[in-house]
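Student: got a predicted model here, sequence first, then my questions.
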Amino acid sequence: MFRRAASFVPDGVPILSRGRHRNARKGACFMEMASFLAGEQWSDHPACTHPLLATVARCVNDLADDATRQQLTPMINEVIGLHPTDPQVDAEIVLCAARSALPVAPEERQNLMAIAILAAEVSRNPAVAHGAPLSQASRAALDEAPLAEKWARSFMASAGTSGQPLKERSAPKISALAVESIAISCTADTEARLVAVLRSCIEVTRSFMPESEPAPAQPVEVLTRETLRATV
């Protein structure tokens, strides 16, 4: 059982930065700070967080600009202990990421996002393969890129993959590509979209957690940069 830290990150901890870091002396990314606050060994792949959600978090951390990255700090505590075991979580995270990317992604990536949405919809509801309607959120996203949907359906039909669910092994690559597509988009609110996609993925992952009374936050020792480094 992972201990949930207090809902803040103490002053003095390393400023979030891109990439992996061997220890806190080199800095910290979003998931490395999560591993520390969860009481785990220093890692950007901690056990306290669903692995696909962690993939999205690492990508957003690395692709956001410096100012936006610091806005992610309050979310670190939210991913600690967020590790539902329902196999549907992957499809829902992929849907969140792909729907967010589809309207703003470059054309060739829109096609891939449309394929991802169609496959993930089958994963979440197998009846979609037999003509059942898509979810409202996916339908709305695809309506913003009708040519991408048309291409995706044609490609999947020719490849014989129409009606097939999302392949588990492809989920991390699709999610990472979706976040990157947002980051390279020519929109005025790219940074806000990066924050929003992580927020959406956290919320959908949380929806799969078993309902229970929230545990009271445990007090956390106020850390300085020096004490943090000494513990890593």
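Tutor: Yep, it's here. The model shown is predicted, which means the values in this text are computed figures rather than measured ones.
Student: what's the helix or strand for the residue nearest in space to the middle of the chain?
Tutor: For the chain, residue 56 is the residue whose C-alpha lies nearest the centre (C-alpha atoms, centre = their mean; 3.0 Å). Assigned by DSSP states H and E, residue 56 belongs to helix 51-63.
Student: other SSEs contacting that helix?
Tutor: Counting contacts by 3 or more C-beta pairs under 8 Å, 6 or more residues apart in numbering; DSSP states H and E, helix 51-63 packs against helix 30-37, helix 76-79, helix 89-101, helix 171-183, helix 190-206. In short, each C-beta sits where N, CA and C put it, glycine included.
Student: for the residue nearest to the centre of the chain, which non-adjacent residue is closest in space?
Tutor: Nearest in space to residue 56, with sequence neighbours left out and distances taken as C-beta to C-beta, 6 or more residues apart in numbering, is residue 201 at 4.8 Å.
Student: residue 108 is in what secondary structure piece?
Tutor: Residue-wise, residue 108 maps onto helix 107-124 under DSSP H and E.
Student: pLDDT on that helix, on average?
Tutor: In this model, helix 107-124 has a mean pLDDT of 96.
Student: with just CA atoms, put that helix into CSV.
Tutor: C-alpha atoms of helix 107-124 as CSV (Å, rounded to 0.1, in the frame of the first residue of the first chain):
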residue,chain,number,x,y,z
GLU,A,107,-1.9,15.6,-41.1
GLU,A,108,0.0,12.4,-41.1
ARG,A,109,-0.3,12.1,-37.4
GLN,A,110,-4.0,12.8,-37.5
ASN,A,111,-4.4,9.6,-39.5
LEU,A,112,-2.6,7.7,-36.8
MET,A,113,-4.6,9.3,-34.0
ALA,A,114,-7.8,8.4,-35.8
ILE,A,115,-6.7,4.7,-36.0
ALA,A,116,-5.8,4.8,-32.3
ILE,A,117,-9.2,6.2,-31.4
LEU,A,118,-11.1,3.6,-33.5
ALA,A,119,-9.1,0.7,-32.1
ALA,A,120,-9.3,1.9,-28.5
GLU,A,121,-13.1,2.3,-28.9
VAL,A,122,-13.4,-1.4,-29.7
SER,A,123,-11.3,-2.2,-26.7
ARG,A,124,-13.6,-0.3,-24.4
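Student: list the buried ones in it?
Tutor: By 16 or more other C-beta atoms under 10 Å, the buried positions in helix 107-124 come out as 109-124.
Student: the residue nearest to the centre of the chain contacts residue 93, correct?
Tutor: Yes. Under the criterion of C-beta atoms under 8 Å, residue 56 makes contact with residue 93 at 6.6 Å.
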